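In: I would like the atomic coordinates for the input below:
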Amino acid sequence: MKVLIFNTFSVPLVSPEPGERLRRAGQKIKELNPDLVFLQEIYTPWHKNLITESLADYPYQFIPRNGLFGAGGGLLFFSKIPIDEKRFYPFSVSGSWLDLSLSDKMARKGFMKLGFKLQKPFYFFHAHMTANYNNDFSLNNKYSKIIEKQLQELSEEIEKVPLINPCFIVGDLNVPPTISIFKRFLDKTQSNDLIISPLPTIRRKLYLLPIPVQFEKIDYLLFRGSGKIKCSPRYIFEEDDKLSDHVGIWAEIEI
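Out: Below you'll find the model as predicted:
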């Protein structure tokens, strides 16, 4: 099973030339030919149409409809494997009308739960947390509190999946691996980070607005389950630093 996870950075008014970059991303994805495609930050109907046209060969899709311009948290999913279960859970708190997290609130960020049945049932949770706009992860920081609440809501759904069923958590969690709220999330869900590399997944500044960026690892492929799997993850799209402000994650998984 080949998996691609990628934050496309297609944010209205913030990112440059999102249409052109999405076309290039769609072509690159087609060439890679993954079985499962997890995309973040695709909000407008125009941008959705661009990527769905590029990935028209994928017979199974999940594109939630709510939030900014009908976007379900900006999350899109494409699959060559039949989807047995799919649901979008909006976070109870995404942001504020009074600060930079306004766009997160309008997008109604949340996470997907996706269930599959091949030789045995397995699950993917696809999430995108609110950004920490001042890069302050102290416990009393307002953005840290939002992210902590969102991780709690995600963990509550993950824990409903029996440990015997392989479960993967993917996406842009917007928190570095060394932060205490992330470590508690791993402990609570009994999850492991499948990408050992500490190298940052967010990089070159492409912002049209003066938003501070901390170049750290914030995109993940996590695993939870009592069984053993084989996984060969790596970063991709590193050579094209104008495709997005994030690298992609590529993995070949045997369960």
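In: can I assume residue 19 sits in a strand?
Out: No - under DSSP: H, G, I helix; E, B strand; the rest coil, residue 19 falls outside any strand and is assigned helix.
In: grab the nearest non-local neighbour of it.
Out: Distances taken as C-beta to C-beta, 6 or more residues apart in numbering place residue 50 nearest to residue 19, at 6.1 Å, with adjacent residues excluded. To be clear about C-beta, it is placed using only N, CA and C from the backbone, and glycine gets the same treatment.
In: please, where are all the strands along the stretch 151-255 of the chain?
Out: 167-172, 192-193, 219-224, 230-236, 248-254 (DSSP state E, counting those that start in this stretch).
In: packing partners for the shortest one?
Out: If I follow you right, that is strand 192-193. Where contact means 3 or more C-beta pairs under 8 Å, 6 or more residues apart in numbering; DSSP states H and E, strand 192-193 is packed against strand 219-224.
In: so how far is the strand it packs on off the chain centroid?
Out: Its chain's average C-alpha position is 10 Å from that of strand 219-224, according to C-alpha atoms, centre = their mean, to the nearest Å.
In: same question, stretch 6-26
Out: 15 Å.
In: make CSV out of the strands of the stretch 151-255 of the chain and add distance to residue 135, mean pLDDT and mean neighbour count.
Out: Listed next are the strands of the stretch 151-255 of the chain as CSV, based on distance: least, C-beta to C-beta, whole Å; pLDDT from 0 to 100; neighbours: other C-beta atoms under 10 Å:
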stretch, distance to residue 135, mean pLDDT, mean neighbour count
strand 167-172, 15, 98, 26
strand 192-193, 21, 97, 14
strand 219-224, 16, 98, 21
strand 230-236, 21, 96, 14
strand 248-254, 22, 97, 19
